[in-house]
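S.K.: A predicted structure for the sequence below; I have some questions about it.
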Amino acid sequence: MTAVNDRRQMAYIAAQAADARVNLELEAEGMTLNIGPQHPATHGTLRLVVQLDGEQVIHADPVMGYMHRGYEKLTEVRTYPQVTTLINRIDWLGSFANEVPFILAAEQLMGIEAPPRAQWIRTILFELARIANVTLFLGDMGVQLGAVSPVFYAFRDREYILNQIESATGGRFHPNFDRIGGIKDDLPAGWIAETKSALKEIRDFCDEMEDLIVGNEIYEARTRGIGIIPADVGLSYGLTGANIRASGVDWDVRRDNPVGLAYDQVDWKVWTHPDGDSFARYWVRLQETRESCHIVEQLLDGLPAGPIMTKVPRIIKVPEGEAYIETENPLGVMGYYIVSQGGLEPFRVKIRSASFSNISITPWLLKGTYVPDVITILASLYFILGDIDR
Amino acid sequence: MPSADSPTEEEVVVVDEARDALLEAITAELGDAVVASHILPGKDLWVRVANDAWSDTADYLRNRQRFRFFSWLSAIDWMQSPFGRSLDAAVDIADAPTEDAAESEYTGTGADGYTGGETRFQVISRVHSLTTQIGLNLKVDVGDDLSIGTWTKTYPGADWHEREVHEMFGIHFEDHGDMRNLYLPTDFEGFPLRKDFPLMARLVKPWPGIVDVEPMPEVEEPEAGEESSSASPSGATTSNPEDAS
């Protein structure tokens, strides 16, 4: 080591030492900052208790449960068809996607499979739910950094997709459309052409977001290198979806295990980003939204004819057994572990929701970050409280 | 295995080499700690391990078998609900809850699911391998002391899952270090996901029965005979005269 002889360097070290003393005093006082329970970055009511050292976070502790609705208990006293109504409310921005893994798990237990047309329509609606969900994130991320207009574009253009979901299923937010053995109804006339024009709006929206946000100097400064998640840490915390793909993990349940859905029938790619920072998570979601449009367009073109419902008993009794099915939901991997004892109702349902695991990394991730970055990181992880609290 | 009445169906091919090999490797490493296992060919794999090997199993799976992804951890209460099924009023009258249902003792003989079990509670967890794209369900019996080793040393993500199991089932994870309630208020009494924890809303106001059964296209199932009467004469399609105004 070289001796320190530069005066400026000496002054710098002295200042650092003084800072450290001040920081120590602050720490002794225990500067605690409460973020939430109501905060725009939380999509619901999440409280974050942050211990600060100056502006640096030394300990972050999320406090959940403000929206805990006990779905795992409630499913035990409902018949299988009734459960879909409940689980629509888990991730309320991409509701249809919540129904699919549950229905698929029940179908696996019953040993039945939906006819191809139903599988394709399921996949289409699944992707539309993803687009509706992630569109809001793409705009919302700007708001967290002080750019207000993107979120208005997001709400405006999401409406095109919600209209399509509504005209096919009858529900804008909670379709409750998936059935054991198929789907409730066929697509209405003219829906395919309308959906294609809606997808065009979403593609334009993606381009608009890329123009507005990616490359913006402030945006890049606030997100690049912020909140880096190494792939291995992310995996052991159970991170999924775009969050883990932004850390360079090439894993997508849609491609690697497409149970009961039509993803293996179309040509698409999985986007990853090597950086693992907030910017990467935004970028991956942006590309995935375009990819979803691409998937849906192909599915619409190749939609097979045929029945939309397989033969199922009028009263659905699921045979004894256990099944776990997971799908790649808008927020990450969602799965249902169903234990059936042969009755009308499940004996036990474990809901593996994506946001719960995604957000469980925050105590590790926020340590050492600065207060303004807390908001950016939370927003870039993208969680929905219904999906955490269940 | 399902009876093979049509040999052309692919269910007849019950060889799942990847999962067989994985199970063999796990059994070879853990030895007697693997109590039972179950394979659904092409679908899933269950392994039940001994209680005292629970933490070591996680370590082995993550570091030697490359199960890098921790998916979830939860528990199952195998007690039959003492409150009846709370589903269909007409059916439920036979096994209506009695006054002292909450005090009823567990009389079962253990788990009925895949891989069986001897105790009322089982902890179940799932890990996933990205290299082979195989998921693995792990079960473990939890004895009368309701205590089990923690996974947080291996998979830090198990932290919240174990806290949730602790508050919902009352199962303690040794060496976890932070067993505060996750969702419930600190002074909450009882363990909501246990079967003997009453779902008060249902006990106060009984469920009216199954009213939302939709007729399926082109099929009339004769076996649903005795329950079809409960398929709502009135609830489903009440026309609303006030709409006309």
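M.R.: Perfect, thanks for sending it. No experiment lies behind these values; they were computed from the predicted model shown.
S.K.: What strand or helix carries B:Trp72?
M.R.: strand B:69-77 (DSSP states H and E).
S.K.: show me where the stretch 201-350 of chain A has helices.
M.R.: A:217-223, A:231-236, A:242-245, A:253-256, A:278-302 (DSSP state H, counting those that start in this stretch).
S.K.: Most tightly packed of the ones you listed?
M.R.: Mean neighbour count (mean count of other CB atoms under 10 Å in any protein chain shown) peaks for helix A:242-245 among the helices of the stretch 201-350 of chain A, with a mean of 30. For the C-beta atoms, the positions are set from N, CA and C on the backbone; glycine is no exception.
S.K.: Which elements pack onto that one?
M.R.: Applying 3 or more CB pairs under 8 Å, 6 or more residues apart in numbering or on different chains; DSSP states H and E, one finds that helix A:242-245 contacts helix A:231-236, helix A:278-302, strand A:332-340.
S.K.: So for B:Arg163, which of those sits nearest?
M.R.: helix A:231-236 (16.7 Å; CB to CB).
S.K.: I would like the residues contacting the closest one, please.
M.R.: A:243-244, A:247-249, A:276, A:361, A:364, B:62, B:68-70, B:130, B:154-157 (CB atoms under 8 Å, 6 or more residues apart in numbering or on different chains).
S.K.: now, which of these lie within strands?
M.R.: Counted as lying in strands by DSSP state E, out of the contacts of helix A:231-236, are B:69-70.
S.K.: Any quick PyMOL command for the buried ones out of the contacts of helix A:231-236?
M.R.: The PyMOL command for the buried members of those (criterion: 16 or more other CB atoms under 10 Å in any protein chain shown) is given here:
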select buried, (chain A and resi 243+244+247+248+249+276+361+364) or (chain B and resi 62+68+69+70+130+154+155+156+157)
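S.K.: the strands in the chain, which residues?
M.R.: Because you didn't say which chain, this covers chain A. A:31-35, A:47-53, A:56-63, A:178-179, A:182-183, A:321-329, A:332-340, A:348-352.
S.K.: meant chain B, my bad for not saying
M.R.: B:34-40, B:44-49, B:69-77, B:121-129, B:134-142, B:147-149, B:172-174.
S.K.: list the buried ones in the last one?
M.R.: Applying a neighbour-count criterion of 16+ other CB under 10 Å, one finds B:172-173 buried in strand B:172-174.
S.K.: Tell me which residues are up against it.
M.R.: B:146-152, B:162, B:165-166, B:179.
S.K.: which of those sit farthest apart?
M.R.: Using CB to CB, the contacts of strand B:172-174 span at most 17.8 Å, a distance reached by B:Leu146 and B:Thr152.
S.K.: Which one's more surrounded, these two?
M.R.: B:Thr152 (22 against 16; other CB atoms under 10 Å in any protein chain shown).
S.K.: pretty sure B:Asp178 is in contact with B:Trp160, am I right?
M.R.: No: using CB atoms under 8 Å as the test, B:Asp178 is too far from B:Trp160 to be in contact (9.9 Å).
S.K.: Between these two, tell me which one has more neighbours.
M.R.: Shown here are B:Asp178 and B:Trp160; by other CB under 10 Å, B:Trp160 has more neighbours (25 against 13).
S.K.: how far away is the closest residue to the more buried one other than its chain neighbours from A:Gly238?
M.R.: Take B:Trp160 and drop its neighbours on the chain: the residue closest to it by CB to CB, 6 or more residues apart in numbering or on different chains is A:Ser360, 4.6 Å away. Distance from A:Ser360 to A:Gly238, counting by CB to CB, to the nearest Å: 7 Å.
S.K.: what do those two both touch?
M.R.: B:Gly157.
S.K.: Could you check which of those two has the larger neighbour count?
M.R.: Taking other CB under 10 Å, A:Ser360 and A:Gly238 do not tie; A:Gly238 has more neighbours (30 against 25).
S.K.: Apart from its chain neighbours, what residue comes closest to the more buried one?
M.R.: A:Ser357 (3.4 Å).
S.K.: how close does B:Pro82 get to chain A?
M.R.: 13 Å (CB to the nearest CB, to the nearest Å).
S.K.: phi, psi of that residue?
M.R.: phi -80, psi 0 (degrees, to the nearest 10).
S.K.: Contact partners for residue 76?
M.R.: Since no chain was named, I'll use chain A. Listed by CB under 8 Å, 6+ apart, the contact partners of A:Glu76 are A:345-349, B:81, B:199.
S.K.: Hmm, no, I was thinking of chain B.
M.R.: Taking CB under 8 Å, 6+ apart as the test, what B:Ile76 contacts is A:339, A:348, B:111, B:113, B:121-122, B:124.
S.K.: From the residues you listed, keep the buried residues only.
M.R.: A:339, A:348, B:111, B:113, B:121-122, B:124.
S.K.: and the residues you listed as JSON lines, adding pLDDT and distance to A:Ile35?
M.R.: Output for the buried ones among the contacts of B:Ile76, formatted as JSON lines (pLDDT from 0 to 100; distance: CB to CB, whole Å):
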{"residue": "A:Val339", "pLDDT": "90", "distance to A:Ile35": "38"}
{"residue": "A:Arg348", "pLDDT": "88", "distance to A:Ile35": "35"}
{"residue": "B:Ala111", "pLDDT": "66", "distance to A:Ile35": "42"}
{"residue": "B:Gly113", "pLDDT": "75", "distance to A:Ile35": "42"}
{"residue": "B:Phe121", "pLDDT": "87", "distance to A:Ile35": "36"}
{"residue": "B:Gln122", "pLDDT": "88", "distance to A:Ile35": "37"}
{"residue": "B:Ile124", "pLDDT": "91", "distance to A:Ile35": "34"}
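S.K.: What is the nearest of those to A:Leu303?
M.R.: Nearest member of the buried ones among the contacts of B:Ile76 to A:Leu303, counting by CB to CB, is A:Val339, at 35.2 Å.
S.K.: was I right about the closest one contacting A:Pro346?
M.R.: Yes: counting by CB under 8 Å, A:Val339 touches A:Pro346, with 6.7 Å between them.
S.K.: Number of residues surrounding A:Pro269?
M.R.: Quick fix: residue A:269 reads Lys, not Pro. With other CB under 10 Å as criterion, A:Lys269 counts 11.
S.K.: roughly how far apart are it and chain B?
M.R.: Relative to chain B, A:Lys269 is positioned 17 Å away (CB to the nearest CB).
S.K.: Leaving out chain neighbours, which residue sits closest to that residue?
M.R.: Closest to A:Lys269 by CB to CB, 6+ apart is A:Glu291, at 6.7 Å.
S.K.: And for the residue nearest the centre of chain A, nearest residue in space, chain neighbours not counted?
M.R.: Most central in chain A under CA atoms, centre = their mean is A:Leu331, positioned 1.2 Å from the mean C-alpha point. The shortest distance from A:Leu331 to any non-neighbouring residue, by CB to CB, 6+ apart, is to A:Ala354 (4.1 Å).
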